[in-house]
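Asker: sequence plus the predicted model coming up.
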Amino acid sequence: MKNATQKNELTCPKCHGDGGHDEIEGTRQVFQACYHCGNTGRIDRELYRQDQLDSALANLASINVAALMVEGQDADVCYRTMAAENMIPFNQLIDDMHYRELNNLKAFVEGLGSGSNRKRVEDLLIAGSSTIPTMRQAIPTPPPAPKPAPAPIGNPDDIPF
Ligand SMILES: [Zn+2]
């Protein structure tokens, strides 16, 4: 059921309903209007859903970048070397990778067109985003220790090479 009172019924996540925030400019305190909700502190369901999707895609991009870091035992070292060779801080390299991955994911969702499949994928992304970690939690975790090789069968005095 839709009616006019349902329009901007949700609290803006950027300004938490305040419509903006106070900022110090020189010696003066000025009120900076929130661009996201147009200064009202409230947003409609459509924008809320877009916010959720953006957040889900950002989280997924973090997961994917973090996965690259732990893919091989030396991956973290490789990326640190790559950053050093390009004379950029490691964190900037991560940010650049995150930005590229986020754009890839957005292009993927856009590529689904406007049919019901896209809505279904968006629903899954939004539903999953509450169970996956934020960027800070996702990057990077050390790889699990490799399992020891099974003990050789046969004469324990035989050297297996
Ligand atoms: Zn706002």
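Answerer: Arrived safely.

Asker: mind listing the helices for this structure?
Answerer: Taking DSSP state H, the helices of the chain run over residues 45-69, 75-85, 90-111, 116-129, 135-138.

Asker: how about the residues of this structure that lie near the ion?
Answerer: Counting by Cβ under 5 Å from the ion, the positions of the chain adjacent to the ion are C12, K14, C15, C34, H36, C37. Where you see a C-beta, it was placed from the backbone N, CA and C, and this is true even at glycine.

Asker: so can I have a markdown table of those residues showing neighbour count, distance to L125 and pLDDT?
Answerer: Converted to a markdown table, those look like this (neighbours: other Cβ atoms under 10 Å; distance: Cβ to Cβ, whole Å; pLDDT from 0 to 100):
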| residue | neighbour count | distance to L125 | pLDDT |
| --- | --- | --- | --- |
| C12 | 23 | 21 | 92 |
| K14 | 16 | 20 | 90 |
| C15 | 21 | 25 | 93 |
| C34 | 20 | 25 | 95 |
| H36 | 17 | 20 | 93 |
| C37 | 23 | 23 | 94 |
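
Asker: list just the nearest of the residues you listed to N59.
Answerer: Using Cβ to Cβ, K14 is the member of the residues of the chain next to the ion that lies nearest N59, at 17.2 Å.

Asker: on that earlier part again, closest to R28 out of the helices of the chain?
Answerer: Among the helices of the chain, helix 45-69 comes nearest to R28, with 31.0 Å by Cβ to Cβ.

Asker: show me what the closest one is packed up against.
Answerer: Helices and strands touching helix 45-69, by 3 or more Cβ pairs under 8 Å, 6 or more residues apart in numbering; DSSP states H and E, are helix 75-85, helix 90-111, helix 116-129, helix 135-138.

Asker: which stretch in the ones you listed has the least confidence?
Answerer: Among the helices and strands packed on helix 45-69, helix 135-138 carries the lowest mean pLDDT, at a mean of 52.

Asker: spell out which residues make up each domain of this structure.
Answerer: Annotated domains of the chain cover 8-43, 45-139 [automatic domain parsing].

Asker: can you redo those as a markdown table with distance to K147?
Answerer: As requested, those are exported to a markdown table (distance: least, Cβ to Cβ, whole Å):
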| stretch | distance to K147 |
| --- | --- |
| domain 8-43 | 43 |
| domain 45-139 | 13 |
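
Asker: how far off centre is stretch 33-42?
Answerer: How far stretch 33-42 lies from its chain's middle: 24 Å, per Cα atoms, centre = their mean, to the nearest Å.
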